[in-house]
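J.: Sequence plus predicted model, see below.
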Amino acid sequence: MVDTQSRFFIDVGTPSQDSAGRFAPLDYSDTSLLTTFHQPGSYNTPTGEIWRLYSQPAQTAGGKRLEVLVGYSLKAPWKPVETLDSQIPAVDAALRRDADKIARSLSATKASLRLPRPGLAVDGYQLVDSITQEVAEQGPYVPSLLPPGVPLPTPGRRFYVSAGELHLAQTATDTDGRLSATSFLMVADLQWVICLLALGFVVTGAIARTLARRFLRKYFAKIGMQIPSVDQAIRDGEGQNVEFKRGLSEAEGKVGSVDNEILKSVAAFANTNDGVIFLGIDDAGHVKGLPLDFTGRDRLEQKLQNIIRDRVRPSPPVKITFEDLRGLWIAEIAVAEGDAPPYMMGGAIYVRRGASDFQAQQEDVVRLVTQYA
């Protein structure tokens, strides 16, 4: 918690095994306050506490310059007995002794700056980078100020990373904006978060690939279909990639023998090669047309889509269009050679040979399976 006017830290969390006790945006301490206590002195905090503080410069074995601050509370609500004036010389001696101990520990190793609490007589300590004013390490709370120019966190929630852990911090201010309090808790170990994100990426990629194979392959297959025009089909007649049908069965919503023949051709083209079924042209290539208005065309297309989806498994890449040929409507069912054979209609596999559809033989099934395995 920070007093936004004086920038005084009213309370700072103490590091523990379960809590980092550190929040990077506020991990600063004004060294101008620290350096005023190169000789032991008393400091009255805005919260009514009285502290005896002492600081001294120190340098780590790696050459990093720090300011070491140690403090002892002479008067505080959490201390039942105040320190007598006659005891202050002993307090000052303890402050110097512990500050020297910390300074010697810093100069002896390049390892972590974290210091053990046992063996210190002071109530708290703080190690601050002399250049950046960042807090390198701190023990239990000692009075400190947020340096000028360091912004206070904006109210709201945010994630941050500390010591390889992901934390969630929440900042709030009181009604007059005088106090800013930030609380935080560990969400997860960062390595686990990275692993979960990586797993999510892999799973998402697999799902996307599956969906792409399922839907996009049909789209691109239909784009690349090689099918003849109506005029060319009438001129050349039925063949390996052309089939003529007079129309669908007359019963609305029902599947008759004529529809089954159309579905066999759909499955055969999907198993063999791109092909198109022209509805409204008889076997001899005579254009008979379909009695369709706009609504009729829509209903016919819907029926074709439904029976193909329900009766041919798996559903092959199919595109249905209509063409006005000299005042007569022709429906075109363009079927792309699929990449997930065998395609079956009524439990049977059909292939295209010349102008006819045949039920697949054993060698046809082997070819389909091995070709797309």
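T.: In hand now; what should we look at? Residues are numbered from 1 along each chain as shown.
J.: okay, CA-based contacts and neighbour counts for the rest of this
T.: Noted.
J.: Can you show me the helices along this protein?
T.: 31-34, 88-108, 190-211, 217-223, 230-236, 257-272, 294-311, 362-371 (DSSP state H).
J.: Among those helices, which comes closest to residue 281?
T.: With Cα to Cα as the measure, helix 230-236 is the member of the helices of the chain nearest residue 281 (8.6 Å).
J.: Can you list the low-confidence ranges for the stretch 201-350 of the chain?
T.: 205-225, 249-256 (pLDDT under 70).
J.: Reformat the helices of the chain as CSV; add mean neighbour count and distance to residue 330.
T.: Below are these laid out as CSV (neighbours: other Cα atoms under 10 Å; distance: least, Cα to Cα, whole Å):
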stretch, mean neighbour count, distance to residue 330
helix 31-34, 18, 88
helix 88-108, 18, 90
helix 190-211, 12, 33
helix 217-223, 17, 19
helix 230-236, 14, 9
helix 257-272, 24, 15
helix 294-311, 15, 10
helix 362-371, 12, 32
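J.: Dump the ones you listed to TSV, plus distance to residue 280.
T.: Compiled in TSV, these are given as follows (distance: least, Cα to Cα, whole Å):
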stretch	distance to residue 280
helix 31-34	92
helix 88-108	94
helix 190-211	35
helix 217-223	22
helix 230-236	11
helix 257-272	12
helix 294-311	12
helix 362-371	31
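J.: Residue 279: which of those helices is closest?
T.: Closest among those, using Cα to Cα: helix 257-272, at 9.2 Å.
J.: Can you pull out the residues in contact with that closest one?
T.: Contact with helix 257-272 is made by 241, 243, 245, 247-249, 275, 277, 308, 311-312, 316-317, 335-338, 341-345, 349-352, 357-358, 368, as judged by Cα atoms under 8 Å, 6 or more residues apart in numbering.
J.: And for stretch 231-249?
T.: Outside stretch 231-249, the residues touching it (Cα under 8 Å, 6+ apart) are 227-228, 255-259, 262, 265, 269, 273-286, 288, 290, 352-356.
J.: what's the answer for stretch 77-86, then?
T.: Residues contacting stretch 77-86 (Cα under 8 Å, 6+ apart): 49, 74-76.
J.: Give the buried residues for that stretch.
T.: Applying a neighbour-count criterion of 16 or more other Cα atoms under 10 Å, one finds residue 83 buried in stretch 77-86.
J.: How far does it stretch from one end to the other?
T.: This stretch, stretch 77-86, spans 21 Å end to end (Cα to Cα, to the nearest Å).
J.: Return the distance of that stretch from the chain's centre.
T.: The chain centroid and the centroid of stretch 77-86 are separated by 54 Å under Cα atoms, centre = their mean, to the nearest Å.
J.: any idea how far residue 62 is from residue 300?
T.: 83 Å.
J.: List buried residues within the contacts of stretch 231-249.
T.: Buried among those by 16+ other Cα under 10 Å: 227, 259, 262, 265, 269, 273-282, 285, 288, 290, 352, 356.
J.: which residue sits closest to residue 354 in space, ignoring its chain neighbours?
T.: Nearest residue to residue 354, sequence neighbours excluded (Cα to Cα, 6 or more residues apart in numbering): residue 240, at 4.4 Å.
J.: What separation is there between that neighbour and residue 362?
T.: Distance from residue 240 to residue 362, by Cα to Cα: 21 Å.
J.: Could you do residue 342 as well?
T.: For residue 342, the distance to residue 362 - Cα to Cα - is 12 Å.
J.: Please apply the same query to residue 104.
T.: 87 Å.
J.: again with residue 327
T.: Counting by Cα to Cα, the gap from residue 327 to residue 362 is 45 Å.
J.: re the thing from before, closest one to residue 58 among the helices of the chain?
T.: That would be helix 88-108 among those, by Cα to Cα, at 5.5 Å.
J.: just checking, what packs against the closest one?
T.: Using 3 or more Cα pairs under 8 Å, 6 or more residues apart in numbering; DSSP states H and E, the elements in contact with helix 88-108 are strand 50-59, strand 65-75.
J.: which residues are contacting that helix?
T.: Helix 88-108 has contacts (Cα under 8 Å, 6+ apart) with 40, 52-56, 58-61, 68-72, 113, 115, 120-122.
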